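Participant: This is a predicted model, with the sequence first.
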Amino acid sequence: MRILIANGRIIDPASGRDKVGNLLVDGERIVALDAEAEARSRADHASRVIDARGLVVAPGLVDLSARLREPGFEYRATLESEMDAAVAGGVTSLACPPDTDPPLDEPGLVDMLRRRAKAQARARVYPVGALTVKLKGEALTEMAELAESGCVAFSQANEPLADTQVLWRALQYAATFGFPVWLRAENAHLARGGVAHDGEVATRLGLPGIPAFAETIALGMLLELVRATGARLHVCRISTAGAVEMLRRAKAEKLPVSCDVGVHHVHMSEMDLGFFDSHCRLIPPLRSTRDRDALRAGLADGTIDCVCSDHTPVDDDAKQTPFGEAEPGATGLELLLPLVLRWAEQEKLPLAKALARITSDPAHVLGIDKGRIAVGASADLVVFDPAAPVRITAEGLKSQGKNSPFLGYELAGQVRCTLVAGNPVYESAAR
Amino acid sequence: MSALPDAEKLCSELAERIRPHLTPNTAMIGLYTGGAWLAERLHALLALPEPLGLMDIAFYRDDYHKQGLHHDPKRTKIPFGVEGRDLLLVDDVLYTGRTVRAAMNELFDYGRPACISLAVLADRGGRQLPICAQHVGAKVEVPAGMRLRMKRSDSGALSLELEVE
Amino acid sequence: MNNPQLTASGALQHLLSVEGLPREILVQILDTAESFCGVTEREVKKVPLLRGKSVFNLFFEPSTRTRTTFEIAAKRLSADVINLNIAASSQTKGESLLDTVANLSAMQADLFIVRHAQAGAPHLIARHVKPHEHVINAGDGRHAHPTQGLLDLYTIRHYKKDFNGLTVAVVGDILHSRVARSLIHGLSILGVPEVRVIGPQTLMPARVEALGVRVFHDMRAGLKDCDVVVMLRLQNERMRGTLLPSAQEFNKHYGLTAEKLALAKSNAIVMHPGPMNRGVEIDSSVADGPHSVILPQVTFGIAVRMAVMSIIAGN
């Protein structure tokens, strides 16, 4: 199918392009831009035209962490519902962490997930394999086998890897094959029992705390191990000002490290816990406003490579409990774009720069040739109205997870159309 | 508006009306807030030997389920035994009779008095319960929608006033 | 952020925490409690206020003492009291907290008295009860124990008459203490100029000074010139391990002895929420001594709980 996306503001963060023009898709790829696109489409009347006047045309979003809850947690969400949520949010590529049930520690499981996802023909799914068997932090998985079946990286998701010798060996082994390792920086002993940032709010609410140094101590160790092993490390969901500073220095030192932040942590802090709002029970915990501000600054200056949704659908029953017993996580696929736009607006950042953090930069971390607009590139695209209001409601979310601290908020940024490999996989109802 | 009677004058007259009925066994209890002010005066005028009792009927009101708890209930203090006593309840204005009903209920939680009589500065009619005062300063007509209240000035002078309900 | 304890018109709908209570409501509770003290001294210790109301004691965490004081208070208000030891029933069968509450609500409850090991559980329940139902927090995790805080404030006011110019020290396990949090918030609302917390660093929560207190690790320095000394209970399981090496060492440094108490003002009062560990946080000579007001605290506790219940149930 040929599709002409006409008169949209085409933004390609990778090249810095930001100007109104046309874009022609033929089959799975972008085949022409601007004047040539128009000319070629006029010559061929079979083209479908999407009128993008007043809209932004950007590369489809790349999300480094979205839990699809398959296999194992189908009662919380299914591949169908979450893939719907992804494309409704403009996400065309997503990495899913290995904390499924059973965890993604065998090629068969990875294979099945990829095939199931492919059959959906919506967003592209990149499984992240388990670094250790059953994520127990004891024995290494068959990483090379898993990589062959499609794993793009190896991770412990939110499970601890407390034994430093196992951690060291895992990094050595991954480095041997050049596999990236994605880990959260959290000292399991220091975090034990904690449910909130160990600060003023946890003290006031009487919630057991996780100190900020649980993150920086673990990160210090990880960076030391990267120096020792040369492993490529991606640090997931950093949450503290200290970690931002350490990563800034590590990058200056040219260590092979990258990192991301969850989109909720870009906007919220411990203050948002209010009176025990269990929607704010997240991993890592929402930290102080000073930490949040440092994360925003780090994201703006590139110390933090990307923002991810850390999409975690949780059913209502698991949130309607006291804060400490609530299951952590928030739904995020459909909030990623509006929340990044909100950040860009608040920080007065150029749209191209902000979009880079959810397109070209995460694509780079994933090592995939996606997240850019150029002749010959995959036609993974999102067309959105950056100013149109979106009210976040349980009914409005396609995800089966209705758990969001932003429920009731009015954000801006409405996805009109999402293309994956040239297919319009999502189109919003005409307004 | 017709002039209200002078509370100071009524107070002295009321004391004289009560005096012939006093017994050696009489003790006086004033109901917060107006009744307590009045009782302080009557108690002094009549030179009663027993100390004055003061009562707040907030915990016995029958409108709690509608109105909630009265905002600032005072502590009931009855510094004498109630059992077998000739009690003289004092209130400023007698209207529906519900306050007196509540006061009697509370009193019986302190003991079984020999008898209870009631003295009020003003009776404005409008009873909703079979209650009457034995000693009345004056009967006062109150227009509909108005409330009759006793006030006490900074200098301690008593007066009757009408307020919109 | 609207206060979940108050109705739209600012009346007390639930008592979940002392924090955020308007000063007037706090004073109203203390004043009303004073009137109830009169009732509890009478021959007939009962008033008819809550006749026909049902009070459900919902204890997800066992506590005989607090449950009993609420039960006595409710009975003195003529309410019907239903005691539920949930720890031993539904929760272990996997029923969710909100299902349990919905079931009890169907039995026509008016007031829920809730104790739960998790901070915030009473808030959750309060968000889900019907408009005519009320929730009183009887202790949730480390968060709050507002009626204990209020009875502590009542006790202080009773003996010291006024909160202005007082120095109050709270000693011991601040980290795990909901009693300490409730009292500290109350003291700050009522304008106590100096509140001190005394204990080892392992028993202090993060950024505790943000609650408006001065932190002392040296008990002798902390007790100097105090008007009120509040000793906290040290839970058995915390006496040995990573928070403290031993009860003996804790007693040596943070136990209240007559000799340490002598550093406080000569008319200082000593309080303890109970139950006491004699010889650990407090010596018998102090617990039973002339400065101790520990038993009056228990008596006042009933009047304070009567006040809270009668104000809330009437709103």
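Facilitator: Sure thing, it's come through.
Participant: which ones are touching A:Val226?
Facilitator: A:171, A:233, A:250, A:255-257 (CB atoms under 8 Å, 6 or more residues apart in numbering or on different chains). (Each C-beta comes from the backbone N, C-alpha and C, glycine too.)
Participant: Repeat the analysis, applying 7 Å as the threshold.
Facilitator: Counting by CB atoms under 7 Å, 6 or more residues apart in numbering or on different chains, A:Val226 touches A:233, A:255-257.
Participant: Those, buried ones only, as a ChimeraX selection?
Facilitator: Applying 16 or more other CB atoms under 10 Å in any protein chain shown to the contacts of A:Val226 leaves a buried subset, and the ChimeraX line that selects it is:
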select /A:233,255,257
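Participant: The contacts of A:Val226: which two are farthest apart?
Facilitator: A:Leu233 and A:Leu255 (7.9 Å; CB to CB).
Participant: Just the ones in strands from the contacts of A:Val226, please.
Facilitator: A:233, A:257 (DSSP state E).
Participant: Format the contacts of A:Val226 as a markdown table; extra columns: pLDDT and distance to C:Val114.
Facilitator: As requested, these are exported to a markdown table (pLDDT from 0 to 100; distance: CB to CB, whole Å):
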| residue | pLDDT | distance to C:Val114 |
| --- | --- | --- |
| A:Leu233 | 98 | 46 |
| A:Leu255 | 98 | 51 |
| A:Pro256 | 98 | 53 |
| A:Val257 | 98 | 48 |
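Participant: Now do the longest helix seen in chain C, average pLDDT.
Facilitator: Counting by DSSP state H, the longest helix found in chain C is helix C:294-313. Helix C:294-313 shows a mean pLDDT of 96.
Participant: And for it, what's in contact with it?
Facilitator: Counting by CB under 7 Å, 6+ apart, B:69, C:12, C:14-15, C:28-29, C:32-33, C:36-37, C:40, C:49-50, C:53, C:69-70, C:72-74, C:76-77, C:110-111, C:134, C:136, C:147, C:150-151, C:154-155, C:158, C:271-272, C:274, C:287 sit against helix C:294-313.
Participant: before we move on, the earlier item: dump the contacts of A:Val226 into JSON lines; add distance to A:Asp26 as well.
Facilitator: Shown next, in JSON lines, are the contacts of A:Val226 (distance: CB to CB, whole Å):
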{"residue": "A:Leu233", "distance to A:Asp26": "39"}
{"residue": "A:Leu255", "distance to A:Asp26": "42"}
{"residue": "A:Pro256", "distance to A:Asp26": "38"}
{"residue": "A:Val257", "distance to A:Asp26": "39"}
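Participant: so what's the residue in chain A that chain B sits nearest to scoring on pLDDT?
Facilitator: Nearest to chain B in chain A, going by CB to the nearest CB, is A:Phe275, at a distance of 24.2 Å. pLDDT recorded at A:Phe275 is 95.
Participant: cool, B:Lys66 as well?
Facilitator: 87.
Participant: just C:Asn236 next, same as before
Facilitator: Value for C:Asn236, per-residue pLDDT: 83.
Participant: The closest residue to it other than its chain neighbours - how many residues pack around it?
Facilitator: Closest residue to C:Asn236 apart from its sequence neighbours, by CB to CB, 6 or more residues apart in numbering or on different chains: C:Asn277 at 7.8 Å. By the measure other CB atoms under 10 Å in any protein chain shown, the count of residues near C:Asn277 is 19.
Participant: Okay, C:Asn277 and C:Gln148: tell me how far apart.
Facilitator: According to CB to CB, to the nearest Å, C:Asn277 stands 17 Å off from C:Gln148.
Participant: For chain C, what's its nearest residue on chain B.
Facilitator: Counting by CB to the nearest CB, chain B gets nearest to chain C through B:Gly68 (3.1 Å).
Participant: State the distance from that residue to C:Ala303.
Facilitator: Distance of B:Gly68 to C:Ala303, computed by CB to CB: 18 Å.
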